[in-house]
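1. Sharing a sequence plus its predicted fold:
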There are 2 protein chains.
Amino acid sequence: MYPVITISREFGSGGHSIGEAVAKKLDIPFYDGEIVTQAAVESGYAKELIEEQGEDTSSANKWFDISAASAMYFQSPQDEIFLAQRKVILDAAKKGPCVIVGRCSDYILKNAEIPCMNVLIHADMIHRIARVNERYGIIKNVDTKKRIVKKDKQRRTYYKYYTDQHWGEYQNYDLALDSGTLGDDTCVELICELAKRFITE
Amino acid sequence: MYPVITISREFGSGGHSIGEAVAKKLDIPFYDGEIVTQAAVESGYAKELIEEQGEDTSSANKWFDISAASAMYFQSPQDEIFLAQRKVILDAAKKGPCVIVGRCSDYILKNAEIPCMNVLIHADMIHRIARVNERYGIIKNVDTKKRIVKKDKQRRTYYKYYTDQHWGEYQNYDLALDSGTLGDDTCVELICELAKRFITE
């Protein structure tokens, strides 16, 4: 049986597409936007609000502006969203093999002692700029590199806030791949090849 | 044609054995101890001295105790060893496909703009302790974990000193593998599989 596969990725590295292709190739469920939707249903928050928050802590500054004292006693809406997403991730993983992209899924599953195969996808800035421009289009007056750096920073902040670990430390991944030098197809094939051999006990 | 493959590794992760097995499987030269020997010949330093220094900066503290001012003007013996090893690494890579373990080879080749495939091998402490005890034997009154941590620290210090980069940052590797969860054989096969697809232009 294939393992649960988590994919952490730099913005613009193609981690989402690679994860989707892996899930398709292995014929197992894929979770990314779906998690947001499911979490929305469970938490009662509007879907739009959750999509807006996702892994973006900077646009939720007001939620992080609570004092340390109040944060100790009250859950922020962001925390509730995180907990709802966490529940969805755990439920998905318990159902069987699947691919889950982002949302601290590597940490959440490890912490719950659910065996999984953790993959990191990264790429150099040149490849990422090209991909972001191709996928999302060039935005007038917005520097793509700055956009990528900002998005990465948001994801790292989110990860650090909820896991108290630093995002991207090699120790947290069974496999880390440079999609820029290797290409998406090779990444997909290596992940699938490894999934076939990965033993979860 | 296969690429030049560099292998960076945590102490006790099996990176050396894995690199050796990759070289054997692909039928290309393997450099590790050999580099030391060759560097010795070229630099004129005694082989024993170089083997002792290798990637171990802590045992060479006296060499690092030179003041910043003198360091700017004089090469330490350690620097000369590094430069001799660098020359051997560059010569080896220019000759054709090979596997080179450690000695900042990833940085040296990148800096010289020689295309290569950079691999990182790591493992959790439990696997590393077991491997070190099995390979080198348990040393009386020496805690294996402390020994591993110290060795890693020495390698990181050496790498930082000569590259001004932090060792182990995922951005520096095309492929990073956890030999503890994946096992040596799978690591060897994945590296070989990737080497077949890796395009160096």
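-> Right, received. Where do you want to start? Note that the structure is predicted; figures quoted are calculated from it, not measured.
2. Quick one: low-confidence residue ranges for chain A.
-> Within chain A, the ranges that satisfy pLDDT under 70 run A:36-37, A:40, A:43, A:45-75, A:199-201.
3. Mind doing that once more with 50?
-> A:59-70 (pLDDT under 50).
4. From chain B, how far out is the residue most central in space within chain A?
-> With distances taken as CA atoms, centre = their mean, the residue of chain A nearest its centroid is residue A:102 (0.8 Å). Relative to chain B, residue A:102 is positioned 16 Å away (CB to the nearest CB, to the nearest Å). No exception for glycine: its C-beta is placed from N, CA and C like everyone else's.
5. likewise residue A:38?
-> In terms of CB to the nearest CB, residue A:38 sits 29 Å off from chain B.
6. residues in contact with residue A:2?
-> Shown in contact with residue A:2 (CB atoms under 8 Å, 6 or more residues apart in numbering or on different chains): A:26, A:28, A:97, A:195-196, A:198.
7. of those residues, buried ones?
-> A:26, A:28, A:97, A:195, A:198 (16 or more other CB atoms under 10 Å in any protein chain shown).
8. Helix, strand, or coil at the spatially closest residue to the second one that is not a sequence neighbour?
-> Same thing as residue A:28. Nearest non-adjacent residue to residue A:28, counting by CB to CB, 6 or more residues apart in numbering or on different chains: residue A:97, 4.5 Å away. Classification of residue A:97 by DSSP: H, G, I helix; E, B strand; the rest coil places it in coil.
9. quick one: residue A:97 and residue A:3 touch, right?
-> Yes. In this structure, residue A:97 is within contact of residue A:3 by CB atoms under 8 Å, at 6.4 Å.
10. three-state assignment of the residue of chain A at minimum distance from chain B?
-> For chain A, the residue closest to chain B is residue A:176, as judged by CB to the nearest CB, at 3.7 Å. Classification of residue A:176 using three-state DSSP returns strand.
11. hang on, the earlier thing: take the contacts of residue A:2 and lay them out in a markdown table including secondary structure.
-> Converted to a markdown table, these look like this (three-state DSSP):
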| residue | secondary structure |
| --- | --- |
| A:26 | helix |
| A:28 | coil |
| A:97 | coil |
| A:195 | helix |
| A:196 | helix |
| A:198 | coil |
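12. Which one of those residues is nearest to residue A:125?
-> Sorting the contacts of residue A:2 by distance to residue A:125 puts residue A:195 at the head of the list, at 29.0 Å, by CB to CB.
13. what residues does chain A put near chain B?
-> Applying CB under 8 Å from any CB of the partner chain, we find that chain A lies next to chain B at A:117, A:120, A:122, A:124, A:168, A:170-171, A:173-178, A:181-182, A:186, A:190, A:193-194, A:197-198.
14. can you map out the helices along chain A?
-> A:15-26, A:33-43, A:47-53, A:61-64, A:68-73, A:77-95, A:105-111, A:125-136, A:144-163, A:179-182, A:184-197 (DSSP state H).
15. Whichever of the residues of chain A next to chain B end up buried, select them in ChimeraX.
-> Remark: buried members of those, expressed as a ChimeraX selection using 16+ other CB under 10 Å:
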select /A:117,120,122,168,170,173,174,175,176,177,178,181,182,186,190,194,198
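16. Residue A:82 and residue A:165, how far apart?
-> Going from residue A:82 to residue A:165 by CB to CB, to the nearest Å gives 15 Å.
17. Next up, the contacts around residue A:104.
-> With CB under 8 Å, 6+ apart, residue A:104 has these contacts: A:82, A:86, A:158-159, A:162-163.
18. coming back round to it: the residue of chain A closest to chain B pairs with what?
-> As for beta bridges, residue A:176 partners with residue A:120, residue B:176 under DSSP bridges.
19. Surely it touches residue A:120?
-> Yes. With contact defined as CB under 8 Å, residue A:176 counts as touching residue A:120 (4.1 Å).
20. so what's in contact with these two at the same time?
-> A:170, B:170, B:176.
21. Dump these into TSV; add distance to residue B:93 as well.
-> Formatted as TSV, the shared contacts of residue A:176 and residue A:120 follow (distance: CB to CB, whole Å):
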residue	distance to residue B:93
A:170	24
B:170	23
B:176	21
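22. Just the closest of those to residue A:150, please.
-> Distances from residue A:150 to these, taken by CB to CB, are shortest for residue B:170, at 19.8 Å.
23. Could you measure from that closest one over to residue A:133?
-> 24 Å.
24. Residue A:176 is in contact with residue A:194, correct?
-> No. Judged on CB under 8 Å, residue A:194 makes no contact with residue A:176 at a distance of 11.7 Å.
25. so what's the residue nearest to residue A:145 when sequence neighbours are not counted up against?
-> Residue nearest to residue A:145 in three dimensions, not counting chain neighbours: residue A:129, with 5.8 Å by CB to CB, 6+ apart. Contact analysis of residue A:129 by CB under 8 Å, 6+ apart lists A:12, A:144-145, A:148.
26. buried subset of those residues?
-> By 16+ other CB under 10 Å, the contacts of residue A:129 give A:12, A:144, A:148 as buried.
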